[in-house]
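**Q** Okay, sequence plus prediction incoming.
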Amino acid sequence: MRRWQAWRERWKGLRGWFLSTGAEPAAINYPREIARLREKKAAGAELVMTQPVYDPVVLGRFLDDCAPLGLPVLVGILPLASYRNAEFLHNEVPGMQVPVRAYYAVNVLRLNRFLQLPDGSLFHAHNRLFAFGWALGMLF
């Protein structure tokens, strides 16, 4: 809270809008994406808004690489509605990467209490909420 108040005081009275830019943390050509972000900052960008990110490793790498720029980052959030939705985003939307665990998280809501893991073993959930929490565990 203290951080937010300091930020508000810094920008108080200047204006009610920002020059923002977009970025793709999971870009295929990641070095080019970071180089373009530097150019955008030099052109006057004050805020970075990302595409939705579902992998904490990808997000961590991106935030670490953005830190020297000194720009605030607004991370994109897009809840996964279903397995088909996750599959569509992963396969049809350029640059979108949905990790396997996220597929399990949305798919477990329509499955039984047993999930077959990629290594062939079975995961037994005591209830669907437990299974959903387990599947999301890797994401948070």
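**A** Now that the structure is in, tell me what you want to look at.

**Q** Lowest-scoring secondary structure element of the chain by mean pLDDT?
**A** Across the helices and strands of the chain, mean confidence by mean pLDDT, DSSP states H and E is lowest for helix 128-137: a mean of 55.

**Q** what about V48, which helix or strand?
**A** In the assignment (DSSP states H and E), V48 maps to strand 47-52.

**Q** residue ranges of the strands in the chain, please?
**A** Along the chain, counting by DSSP state E, strands occupy 20-23, 47-52, 73-76, 114-116, 122-124.

**Q** mind checking which of these is nearest F88?
**A** Nearest to F88, of all the strands of the chain, is strand 47-52, at 12.8 Å by CB to CB. In short, each C-beta sits where N, CA and C put it, glycine included.

**Q** any low-confidence regions in the chain?
**A** Within the chain, the segments meeting pLDDT under 70 span 1-5, 7-8, 11-16, 104-140.

**Q** orientation of the longest helix seen in the chain relative to strand 47-52 in degrees?
**A** The longest helix of the chain (DSSP state H) is helix 30-42. Interaxial angle of helix 30-42 relative to strand 47-52 (axes from the mean of the first three to the mean of the last three CA atoms, to 10 degrees): 150 degrees.

**Q** From the rest of the structure, what touches helix 30-42?
**A** Applying CB atoms under 8 Å, 6 or more residues apart in numbering, the contact partners of helix 30-42 are T21, A23, E24, A27, A45, V48, D65, C66, L69, L71.
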